[in-house]
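Asks: dropping a prediction and its sequence here:
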Amino acid sequence: MKINSIRFKTSVLGTCILSVVLILFSAYLVHTIRQILYKEEEEELLVKAQEIDEFIDAYAKISQEDKSPAMLFYQLLGGKGLADKTIVDQLWEKDSKALGLKNDFYRIRNSKGEVILRSENLTIKEDESFNAQFARFGNTIHFSRLKINGNHYYAINYPITFSNLNTLNLQLAMPIKYIQRVIYRMVFAIIGGIVFILLMSILMGVYLTRRVLMPVENVIRAADHITQKNLNMRIPIKELDKEMEELVKSINRMIERLENSFSYINDFNSHVSHEMKTPLAIIKGELELALSAESTKQEDRRVMTDVLYEVNRLIKTITDLLLLSKYEYKLEIFKMERMDLTEFINKIYQNFKILAQEKNINLELLTPNDPLWIEGDPTHLRRVFFNLIHNAVKFTPAGGEIKILTELFNKYAVVSIQDTGIGIAIENQAKIFDKFYRIRPMKQESAEGNGLGLSMARAIARAHKGDITFDSELNKGSTFKVFLPVLLN
């Protein structure tokens, strides 16, 4: 999946939106459950404080005349005198077990602020934590969270009215490891769930976007099959969504306009070529007739010879333009057949040996021993190689070398024409396939041709599902390569 594709962007956007929603919902869920658990812890803490209050109140209701442990406890709490503290401690130890205060921190302070009873596990450090947290609340019910020795506790400051005589403050702290354990497990479970959901959403998103965008891919495939050969074809509209239907209708209208434009251009080219070639043929015939007459003066003969030369060039240009338009837009002119490219290139090489010898150029042919079978039109392919080899001979000085190399490369037959000619300047290399562009030969002589040769050669190569590339360096030579797909069987 490409990064700049609609499918990728849609999947990423959907995943991001789902991620934000899941994270916000999970945060809300964790916060809500956390508050519920703390509320339950608060209620449990309050119940414990009330139970302690009831125990102490029960001591006060026992007869104060005897010296029972309850009376001694009453005297201790009221500060009216010291009693047998051992008996009181034993009594309170029994009751504290019944209340489940073993793992809790607690202390009871009298109206003077003195701690008259505390849990055995309450050290000076924990005592300071109680003072720091509850000193300012006095005789009011207040809940708070404490951190003692790295552990978290939920604490309450609870006023107790003892036998309507004294007000005591109970400060009780319960560990909240259970809540933290639940929250941590919940967070890990939610993270794992989010990751799983996101992975599933990515897979489902890719699948669904592929299904949703399948009509687009079908339209692309249908549009790719429409070329200049079959502009009468249209993209089918059936079974498309409304938006896609409007898009396809727009594309079909555009194809119809292109069909009309191509038809007009082809008709125009044919008409113009015919209308221009007819008078030019007449002019050519009259000039040739005048030149053959003995009465024609020498100066008139020279002028008419020059005019005839230009007329011939103009006729050739018109013919080439008409052919070029057919190469690009009327592929039915190609008569494809199975042919051996190795043998074909060898015949062309034989044709150019004499021309190369006349210029004292060493022309060399390197071809494989096995045949290279392609599907092509011999007539038009001959035009391609004649043009390239002729250019190599024309732009290579006497004593130079030209090599024609045929080889197989990545299911393509590659014909390379290498020369040691004048080369092509870097600033001109982007123009050599342009129509009417001509490279002037050595010594700035007037170049023959009309600048359509390379354009026609590339059009023919592309009509054969191949291409032409080149590499050139000024004053060192050029290499043109023609790529043509080989037949696999």
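Replies: Perfect, thanks for sending it.
Asks: send me the longest strand seen in the chain as CSV with only the CA atoms.
Replies: Assignment by DSSP state E gives strand 151-162 as the longest strand of the chain. These are the backbone C-alpha positions of strand 151-162, laid out as CSV (Å, rounded to 0.1, in the frame of the first residue of the first chain):
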residue,chain,number,x,y,z
ASN,A,151,2.4,2.6,50.3
HIS,A,152,-0.9,4.3,49.7
TYR,A,153,-3.6,4.6,52.4
TYR,A,154,-7.1,6.0,52.6
ALA,A,155,-7.6,7.8,55.9
ILE,A,156,-10.5,9.4,57.9
ASN,A,157,-10.6,11.9,60.7
TYR,A,158,-13.7,11.0,62.7
PRO,A,159,-15.0,12.8,65.9
ILE,A,160,-16.3,10.5,68.7
THR,A,161,-18.4,11.8,71.6
PHE,A,162,-17.5,9.7,74.6
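Asks: who does it touch, helix- and strand-wise?
Replies: Contact analysis of strand 151-162 by 3 or more CB pairs under 8 Å, 6 or more residues apart in numbering; DSSP states H and E lists helix 6-61, helix 69-78, strand 105-109, helix 124-134, strand 142-148, strand 166-175, helix 177-212 as its packing neighbours. The way it works is simple: take the backbone N, C-alpha and C, and place the C-beta from them, glycine included.
Asks: list the buried residues in that strand.
Replies: Of all the residues in strand 151-162, those buried under the rule 16 or more other CB atoms under 10 Å are 153-160, 162.
Asks: still on that earlier bit, of the helices and strands packed on strand 151-162, which shows the lowest average pLDDT?
Replies: Lowest mean pLDDT of these: helix 69-78, a mean of 47.
Asks: now do the helices in the stretch 301-450 of the chain.
Replies: Per DSSP state H, counting those that start in this stretch, the stretch 301-450 of the chain carries helices over the ranges 341-358, 378-394.
Asks: just those helices: most buried one?
Replies: Burial among these, expressed as mean neighbours by mean count of other CB atoms under 10 Å, is greatest for helix 378-394, which shows a mean of 20.
Asks: next, the angle from that one to helix 341-358.
Replies: What separates the directions of helix 378-394 and helix 341-358 is an angle of 30 degrees, with axes from the mean of the first three to the mean of the last three CA atoms, to 10 degrees.
Asks: dump helix 378-394 to CSV, restricted to CA.
Replies: Listed in CSV are the C-alpha atoms of helix 378-394, where the atom choice follows Å, rounded to 0.1, in the frame of the first residue of the first chain:
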residue,chain,number,x,y,z
PRO,A,378,9.9,-5.1,-40.9
THR,A,379,9.2,-2.2,-43.2
HIS,A,380,8.8,0.3,-40.4
LEU,A,381,11.6,-1.2,-38.2
ARG,A,382,13.9,-0.8,-41.2
ARG,A,383,13.2,2.9,-41.1
VAL,A,384,14.2,3.0,-37.4
PHE,A,385,17.6,1.4,-37.9
PHE,A,386,18.3,3.1,-41.2
ASN,A,387,17.7,6.4,-39.5
LEU,A,388,20.0,5.7,-36.5
ILE,A,389,22.8,4.1,-38.5
HIS,A,390,22.7,6.8,-41.1
ASN,A,391,22.9,9.5,-38.5
ALA,A,392,25.9,7.7,-36.9
VAL,A,393,27.7,7.6,-40.3
LYS,A,394,26.8,11.2,-41.1
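Asks: quick one: mean pLDDT over that helix.
Replies: Mean pLDDT, taken over the full extent of helix 378-394, equals 89.
Asks: contacts for that helix next, please.
Replies: The set of residues external to helix 378-394 that reach it, using CB atoms under 8 Å, 6 or more residues apart in numbering, is 327, 334-335, 337, 339, 344-345, 348, 351-352, 355-356, 359, 361, 363, 402, 404, 415, 417, 419, 421, 441, 453-454, 456-457, 460-461, 463-464, 468, 478, 480, 482, 484.
Asks: and if we set it to 7 Å?
Replies: Taking contacts as CB atoms under 7 Å, 6 or more residues apart in numbering, the residues outside helix 378-394 that touch it are 334, 339, 344-345, 348, 352, 355-356, 359, 361, 402, 415, 417, 419, 421, 441, 453-454, 456-457, 460-461, 480, 482.
Asks: how about stretch 172-189: buried residues?
Replies: Under the neighbour-count rule (16+ other CB under 10 Å), stretch 172-189 has 172-176, 179, 183, 186 buried.
Asks: with those residues in mind, which one is nearest to residue 116?
Replies: Closest approach between these and residue 116, by CB to CB: residue 172, at 14.8 Å.
Asks: which residues does the closest one bridge with?
Replies: Each beta-bridge partner of residue 172 is listed here: residue 106, residue 156, as defined by DSSP bridges.
Asks: residue 52 against residue 170, yeah?
Replies: Yes: under the criterion of CB atoms under 7 Å, residue 52 lies in contact with residue 170, with a separation of 5.8 Å.
Asks: ok, back up a step: and the helices and strands packed on strand 151-162 as CSV, adding distance to residue 287?
Replies: Below are the helices and strands packed on strand 151-162 laid out as CSV (distance: least, CB to CB, whole Å):
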stretch, distance to residue 287
helix 6-61, 65
helix 69-78, 141
strand 105-109, 124
helix 124-134, 119
strand 142-148, 113
strand 166-175, 118
helix 177-212, 69
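Asks: out of those, which comes closest to residue 285?
Replies: helix 6-61 (63.8 Å).
Asks: what angle do that closest one and strand 166-175 make?
Replies: 140 degrees.
Asks: dihedrals phi and psi, the closest residue to residue 458 other than its chain neighbours?
Replies: When the adjacent residues along the chain are set aside, residue 458 lies closest to residue 468, with 4.8 Å between them (CB to CB, 6 or more residues apart in numbering). Phi and psi for residue 468, reported as degrees, to the nearest 10, are phi -130, psi 130.
Asks: contact partners for residue 468?
Replies: With CB under 7 Å, 6+ apart as the criterion, the residues that contact residue 468 are 457-458, 461, 480-482.
Asks: among these, which are in strands?
Replies: For the contacts of residue 468, secondary structure assignment (DSSP E) places 480-482 in strands.
Asks: so which of those wins on neighbours?
Replies: Scoring the ones in strands among the contacts of residue 468 on neighbours with other CB atoms under 10 Å, the highest-scoring entry is residue 482 at 26 neighbours.
Asks: hang on, isn't that residue packed against residue 461?
Replies: Yes: taking CB under 7 Å as the contact criterion, residue 482 and residue 461 are neighbours in contact, 5.8 Å apart.
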